[in-house]
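# Sequence and predicted model, in that order:
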Amino acid sequence: QVQLVESGGGLVQSGGSLKLSCATSGSFSNMYTMGWYRQAPGKQRDMVATITRGGSTNYADPVKGRFTVSRDNAKNTVYLQMDSLKPEDTAVYYCNADIKLTYWGNTVNYWGQGTQVTVSS
């Protein structure tokens, strides 16, 4: 069974940095676009950053220039380097990935369990 497991969240002061990691476990054929989403209390879950298997990236406007998404295809891991953090970045951050379990199968979208990021002012 495929699982995405996030790590690296925590409490940081405004202006600080954190790096999130999302490791994939289980057996699968291929992994395509991976990304990070976040959900603050009382708000919808929003895209933060995505990265294709080839390395093309896309960022939400609020994090452009401050966050960097990267991936290691050999390790099936995606990262989110967050710099110049602001209190409004406080949220639960979720890892997301499009995964094909078998060569002939369909691509399925998976979510991690989330990791809390809290930025104090």
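Arrived safely.
# Could you list which residues are in contact with the closest residue to residue 39 other than its chain neighbours?
Here the nearest residue to residue 39 in space, its sequence neighbours aside, is residue 45; by CB to CB, 6 or more residues apart in numbering that works out to 4.1 Å. For glycine as for every other residue, the C-beta is placed from the backbone atoms N, C-alpha and C. For residue 45, the contacting residues are 37, 38, 39, 94, by CB atoms under 8 Å, 6 or more residues apart in numbering.
# Name the residues linked to the third one by a beta bridge.
Beta-bridge partners for residue 39, by DSSP bridges, are residue 92.
# from memory it sits against residue 111, does it?
No: judged on CB atoms under 8 Å, residue 39 makes no contact with residue 111 at a distance of 11.0 Å.
# follow-up on the earlier one: tell me the pLDDT of the residue nearest to residue 39.
On pLDDT, residue 45 comes in at 98.
# before we move on, what about residue 1?
pLDDT, read off for residue 1, is 88.
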